[in-house]
Each structure stands twice: as structure tokens, then as C-alpha cells.
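sequence plus the predicted model coming up.
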Amino acid sequence: MPASCHTPAAEDSGVNKAAIIDQLYLREPNPELIAAATGILESYGFEVDVWQGTDITVDFYRQLPSLGYKFILLRVHSGLLVSLEGDKVITLDTTYLFTAENYTMTRYVADQLSDKVSNALMSDDTPLVFAVNSEFLKNADGEFNHTVVLALGCESFKYDDMPMAFIEKGASAYVGWSDVVSLEHVDAVIVRLLENLLSANVTLSQGISLTMEEMGTDPHFGSYLKYYPLESGNRTIAELIRGD
């Protein structure tokens, strides 16, 4: 069990599309943040689709690579797979992205049996939800087209399985957190990161460094932003989405 902390884009439309995927909307909405992020993306020239709450299902993640987005912001719970050996909790190096779809053993049976989909716990007072891992993403429909992915949930880049899955599916860059991160810090960082990467038009590496200098690591957990692959760091967002 991992533990946590519209209109689809048309391909070949000639317009760069961006997606804000806000799985946290139902329990931890932040409409001001979503409005600010949308405004920054639109000012850069993106057409923006906002997917929120119950939009975020297993099948949504399954079709995500095929939707034609050039920029994806994931405001979602994420976490690592853990297993129980007696009364001992063992953390494994498998990263999961959470859905907002309540878990049941009778749905996505093939995906569950092949260890691509699991149940996941957001908090002790919420029902289990489905979550998908990096192997699921590798087998999802379609391909990304030089997409930049900001995966800003807990432990989204503690291990390299999820970054590698996105890159193997055609993304050009992946940004995530090194460890557990508090939601207040995530939401504060999102706007500054977008401003640095898009409004200031600096390279990926410079944008992340500036953001970390300005906002600091997470005050509770010390987590910081990382990017993959390393060669993406010396390119701007415009260069990354063109595939330069």
C-alpha cells in the first residue's frame, strides 16, 4: 500500500496544451493557486485544461500520454509502495501516483494482479483510493510528445522509476520532490517555480535553483526539487517542448 504525504487536448492542433491535474481538489482545494498557475501558463501561450477531483481515475492516467499535452502539472498525492513483514513496515523503491477513485478489489483486476495498480491511503480518515505506478505508466496508451512534467507530490523523485517511465514514454523532462513534502510548501513553490520557468524564461536547472533559493527546502522534511534527465537542465521550457 503506498503511503502519501474538460476537454482533452487535441493532438496536432497547432496549439501547445497544458494540463493541471489536481487530484487534491476534493479534500484540499486551492482555487487561488489553480487560478494563478492557469494564468501563468496562459500568459506563456498554453491552452490550459484543469482536471480536478473525480476526474483523476486509473483510466485517466491510462490515457494521459495520448492527450497531446506539452506541459503537465501534477498536484497529486504520491508515495512509495510499502509492505508488511509481520509487524514491520518495509518501504520499496516503487513510486505511485494517487487517483481520486475509491478502491475496490473488483475493478482493474488485471492491473492489480500484474502489480501496476494498488490501493493507497491518503490519510487515516479517508477511504482507500487507487494508485498507479511507473510500470502502469509505461504501458499506458499513446506517447508523450516532448512533454515537461512537474510531479509535485511526496517522494515523486525519491527513486528514479517514475522519472524514467515518463521519459521512456516521450516526455522531455521530469521534476519531482526528493522526499515527503508538506502541502503548504508544495503550493507555495508551484507559483514561484512556474514564474521562474515560464515568466522569467530561464533554463530548467536555473529555474529550479532559483526556486529553491527563494523558497527553501521543505521546512518539516527537508525535501528539495530534482529533475531528470540531467541534459534537460540546460534547456528552457520552450526548447524542451520543441524537442531541441
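That came in fine, so what should we check first? Just so you know, these numbers come straight off a predicted model, no measurement behind them.

so which residue is dead centre in the protein?
Centroid-nearest residue in the chain: Ala151, 2.7 Å away (criterion: C-alpha atoms, centre = their mean).

check contacts around that residue.
Leu74, Val76, Ser78, Leu97, Phe157, Met162, Phe166, Tyr174, Val175, Gly176, Trp177 (C-beta atoms under 8 Å, 6 or more residues apart in numbering). Glycine gets a C-beta too; all of them are placed from N, C-alpha and C.

how about the third one: what's its closest non-neighbour residue?
In other words, Ser78. Sequence neighbours aside, Gly153 is the residue nearest to Ser78 in space, at 3.3 Å (criterion: C-beta to C-beta, 6 or more residues apart in numbering).

same question, the first one
Here the nearest residue to Leu74 in space, its sequence neighbours aside, is Ala151; by C-beta to C-beta, 6+ apart that works out to 4.6 Å.

for that neighbour, give its distance to Asp161.
According to C-beta to C-beta, to the nearest Å, Ala151 and Asp161 sit 12 Å apart.

and Gln112, by the same measure?
18 Å.

Asp244 too?
Using C-beta to C-beta, we find Asp244 at a distance of 27 Å from Asp161.

which one of those two has more residues nearby?
When Asp244 and Asp161 are compared for neighbours, Asp161 comes out ahead with 18 against 10, by other C-beta atoms under 10 Å.

residue contacts, the residue lying closest to the more buried one once chain neighbours are set aside?
Spatial nearest neighbour of Asp161, chain neighbours left out: Ser134 (4.1 Å); criterion: C-beta to C-beta, 6+ apart. Applying C-beta under 8 Å, 6+ apart, one finds that Ser134 lies in contact with Thr94, Thr95, Asp161, Met162, Met164, Ala165.

make it 6 Å
Thr95, Asp161, Met162, Ala165 (C-beta atoms under 6 Å, 6 or more residues apart in numbering).

out of the residues you listed, which one sits closest to Lys226?
Nearest to Lys226 among the contacts of Ser134: Met162, at 11.4 Å, using C-beta to C-beta.

residue with max distance from the center of this structure?
Gly86 (32.4 Å).

now do that residue, the pLDDT please.
Per-residue confidence (pLDDT) for Gly86: 72.

mind checking the SS state of Asn201?
Classification of Asn201 using DSSP: H, G, I helix; E, B strand; the rest coil returns coil.

which one's the longest helix in the chain?
Assignment by DSSP state H gives helix 31-44 as the longest helix of the chain.

what about dumping the CA coordinates of it to CSV?
In CSV, the C-alpha atoms belonging to helix 31-44 read as follows (Å, rounded to 0.1, in the frame of the first residue of the first chain):
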residue,chain,number,x,y,z
PRO,A,31,-8.7,27.7,-6.2
GLU,A,32,-6.4,30.7,-5.9
LEU,A,33,-3.4,28.6,-6.7
ILE,A,34,-5.1,26.9,-9.6
ALA,A,35,-6.1,30.3,-11.0
ALA,A,36,-2.6,31.7,-10.6
ALA,A,37,-1.0,28.7,-12.2
THR,A,38,-3.5,28.8,-15.1
GLY,A,39,-2.8,32.5,-15.6
ILE,A,40,1.0,31.9,-15.8
LEU,A,41,0.6,29.1,-18.3
GLU,A,42,-1.8,31.0,-20.4
SER,A,43,0.5,34.0,-20.4
TYR,A,44,3.2,31.8,-21.8
